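Student: task: produce atomic coordinates for the following.
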Amino acid sequence: MQDLLNIFVKSIFIDNMIFAYFLGMCSYLAVSKKVSTALGLGAAVIFVLTITVPANYLLQNYVLSEGALTWISPEFAEVDLSFLSFILFIAVIASMVQLVEMTVEKYAPALYGALGIFLPLIAVNCAILGGSLFMQERNYASISEATVFGLGSGIGWLLAIVAIAAIREKIQYSNVPAPLKGLGITFIITGLMGIAFMSFLGIKL
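Tutor: Residues are numbered from 1 along each chain as shown. Sure, this is the predicted structure:
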C-alpha cells in the first residue's frame, strides 16, 4: 500500500508530465484559456491514462516481451515481439480516445464543441504515450502499480492545465506588455511553475 501511495504522489508532483517532462504541451497551451475546458480535457486525459497504462502493461507482459507468450505454449518461450510496442500502444490509446470522444459528444456536446480538434488529438498527445513508455521503462511489478501511475500522471496533468487556465483567465485583466501577450506570457508562467514544481524533488518517499 505504501508503494502505491509513493507512486501516486510521485507521479503527480515529482514526475509531473508537464512540469518535469514538458509532455503534452500542445493541448496544454491550446485548451488552457478557460478553466471549464481545461477541466474537461484534463478529465479526459485522466480517463485515457488510467485505462491505457494498465492495458498496455498487460499487453507488454503477456504478449510483447520476450517469453511473454509462454502462457499459450512453452514453444513460444523465445518469441520477442517488443519491436511492436509503439504500434500496439498507440492502437490501444487511439481506441480509448475514440471511446472518450463518442461519450463526450453524446453526453456533453457543449464541451465537445469547446475542445474541438484537441479531443481526438489526445490520441497523439505525447503525455499519453509517455505514460505507457514510462510504465515500460520503469518495469512496474504489478498492474495495480501501473494503474496508480496512470491515474496519478493524469491527475498531475489535470492539475497543471487547470492551474495555467486559472492564471490565464486572471492575466486577461493585467497590463501585460504587448509582445508577451498570449503564448509569450504563458510560456514564461509555465517555466516559473516548472521551477516551482522542482521543489518537490526534495521529497523523500
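
Student: if I look at residue 98, how far off is residue 21?
Tutor: When distances are taken as C-beta to C-beta, to the nearest Å, residue 98 and residue 21 turn out to be 26 Å apart. For the C-beta atoms, the positions are set from N, CA and C on the backbone; glycine is no exception.

Student: could you list the low-pLDDT ranges of the chain?
Tutor: Low-confidence regions of the chain, defined here as pLDDT under 70, cover residues 1-2, 204-205.

Student: export stretch 130-140 as CSV, just CAs?
Tutor: As requested, C-alpha coordinates have been extracted for stretch 130-140 and formatted as CSV (Å, rounded to 0.1, in the frame of the first residue of the first chain):
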residue,chain,number,x,y,z
GLY,A,130,4.7,8.9,-22.5
GLY,A,131,2.7,7.3,-19.6
SER,A,132,2.9,3.9,-21.3
LEU,A,133,6.5,4.2,-22.2
PHE,A,134,7.5,5.3,-18.7
MET,A,135,5.5,2.3,-17.4
GLN,A,136,7.5,0.0,-19.7
GLU,A,137,10.8,1.6,-18.8
ARG,A,138,10.2,1.5,-15.0
ASN,A,139,9.0,-2.1,-15.2
TYR,A,140,6.3,-1.9,-12.5
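
Student: buried residues, that stretch. List them.
Tutor: With burial defined by 16 or more other C-beta atoms under 10 Å, the residues of stretch 130-140 counted as buried are 130-136, 140.

Student: possible to save the residues you listed as CSV with distance to residue 73 and secondary structure?
Tutor: Formatted as CSV, the entries for the buried residues of stretch 130-140 read as follows, by distance: C-beta to C-beta, whole Å; DSSP: H, G, I helix; E, B strand; the rest coil:
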residue, distance to residue 73, secondary structure
130, 34, helix
131, 32, helix
132, 27, helix
133, 29, helix
134, 31, helix
135, 27, helix
136, 24, helix
140, 26, coil
